[in-house]
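1. How does the following fold in three dimensions:
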Amino acid sequence: MIEYRINRRGGVATYLQIVQQTKAALRLGRLQPGDKLPTAREVVERTAINPNTVLKAYRELEWEGLVEPLPGLGTFVRATLGHGGAADSELKDALAAWVDRAHDAGLEREDAAALFATVLEQRYAHMEGMA
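-> Numbering: from 1, shown residues only. I've put the predicted structure just below:
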């Protein structure tokens, strides 16, 4: 089951953090169709956030067709976002090595994330411009 980690200082709305973390788990194969998400009550107990925030995130995921609430049973994953396979594993290993190098170079977590996001945005903008 997924464990949500809420960053209260990151500037990203709490419900969006839940949506983003769920999507990341779907992309990485940590959540599969049929898996049950934690109940709003469980998330509230672990993160001390408002239950309406959890429900808003789950509604967003439902609207996107990724999860389905089943009354009395919970909210279940309907679709995955991941591609899987050896390519993902190789890329994950390469990225892990990059994170290790960034850490060894003295970058804090937020610095490495900002650097990665900047390069990602630039490269994809460049690639989309070529299409």
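2. Can you tell me which residue sits nearest the middle of the chain?
-> Gln21 (2.5 Å; CA atoms, centre = their mean).
3. Might you report the residue contacts of it?
-> Gln21 sits next to Ile2, Tyr4, Arg5 when contact means CB atoms under 8 Å, 6 or more residues apart in numbering. Every C-beta, even on glycine, is put in place using the N, C-alpha and C of the backbone.
4. for the first one, what are its contacts?
-> This points to Ile2. Ile2 touches Gln21, Thr22, Ala25, Arg30, Leu31, Leu37, Pro38, counting by CB under 8 Å, 6+ apart.
5. Just the buried ones out of the residues you listed, please.
-> Neighbour counting over the contacts of Ile2 (16 or more other CB atoms under 10 Å) leaves Gln21, Thr22, Ala25, Leu31, Leu37, Pro38 as the buried ones.
6. quick one: the fourth one and Arg78 touch, right?
-> No. With contact defined as CB atoms under 8 Å, Leu31 does not count as touching Arg78 (10.6 Å).
7. from the buried ones among the contacts of Ile2, which ones fall inside strands?
-> Nothing among the buried ones among the contacts of Ile2 maps onto strands, per DSSP state E.
8. Any chance of the backbone angles for Gly74?
-> With angles defined as degrees, to the nearest 10, Gly74 shows backbone torsions of phi 130, psi -170.
9. For it, grab the count of nearby residues.
-> Counted with other CB atoms under 10 Å, the neighbours of Gly74 add up to 16.
10. Repeat that for Leu115.
-> By the criterion of other CB under 10 Å, Leu115 has 13 neighbours.
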